[in-house]
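Trainee: model this:
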Amino acid sequence: MQENDSQLWERFRNGDVDAFGELSQLHYRLLYNYGLKFSLDSEFIKDCIQDLYLDLWERRSRLSQTAFVKSYLLKALRHRIIKENIHLKRFREPDSIPFELNESELSVEMKKIEEESIHQQVALIKKSISLLTRRQKEIIYLRYYQDMSYDQIASIMNISSASVATLHYRTLQQIKSQKIIRDMFIFLFAVIH
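Mentor: Numbers count the residues shown, from 1 in each chain. Got it, this is the predicted structure:
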């Protein structure tokens, strides 16, 4: 029987190196892909993840229990990237971090759509998403690509759940309001859900 994240987290907090290794391997790809949304410098992202893991190991006995390990790790990485970028003077404000969705992150449903020769519709949706702000793209990524709740997104982005809900709603309204893709957006969500 495979342990869940919470059980691995507990074992890790108690000093179990194997549990820490399992958690690290289990979430590395997720953290790496999420980090690449903020910086295309893959070495910088790898360093941030490594520093995050080292910091977690050093502070393991002081960490609290959590049922949301994935959210905790994403938030911690986001914070580390912002901190390191400020330290390296790459930018001044957290809102100036670019957040890009790339083609390698497409969901299984999107790949099916592309395979079914609906390239024009996918291209229009991608264009619509590319016009979103960084925070709107981040909410779309966390909500639909990582299937996270408003509370989890709020925790990661350091904003209230109400702000997440409002921004999510406005983002969807903005996408839907674009006359060219309105019908295709409805079609896409019908396929995904």
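Trainee: Low-confidence ranges, the chain, go.
Mentor: By pLDDT under 70, the low-scoring segments of the chain are 1-3, 89-125, 179-193.
Trainee: how does it look with 80?
Mentor: 1-3, 85-130, 175-193 (pLDDT under 80).
Trainee: what are the ranges of the helices in it?
Mentor: 5-13, 17-35, 42-59, 69-87, 108-115, 119-130, 134-140, 150-157, 161-177, 182-192 (DSSP state H).
Trainee: Which elements pack onto the first one?
Mentor: To tie it back to what came earlier, the one meant is helix 5-13. Contacts defined by 3 or more Cβ pairs under 8 Å, 6 or more residues apart in numbering; DSSP states H and E place helix 5-13 against helix 17-35, helix 69-87. Every C-beta, even on glycine, is put in place using the N, C-alpha and C of the backbone.
Trainee: Contacts made by that helix with the rest, please.
Mentor: For helix 5-13, the surrounding residues in contact (Cβ atoms under 8 Å, 6 or more residues apart in numbering) are 3, 18-20, 22-23, 26, 56, 60-61, 63, 65-67, 69-70.
Trainee: Tell me the most packed of the residues you listed, by neighbour count.
Mentor: Greatest neighbour count in the contacts of helix 5-13, by other Cβ atoms under 10 Å, goes to L23: 21 neighbours.
Trainee: that older thread, out of the helices and strands packed on helix 5-13, the one nearest I175 is which?
Mentor: Evaluated over the helices and strands packed on helix 5-13, closeness to I175 peaks at helix 17-35, with 21.6 Å, by Cβ to Cβ.
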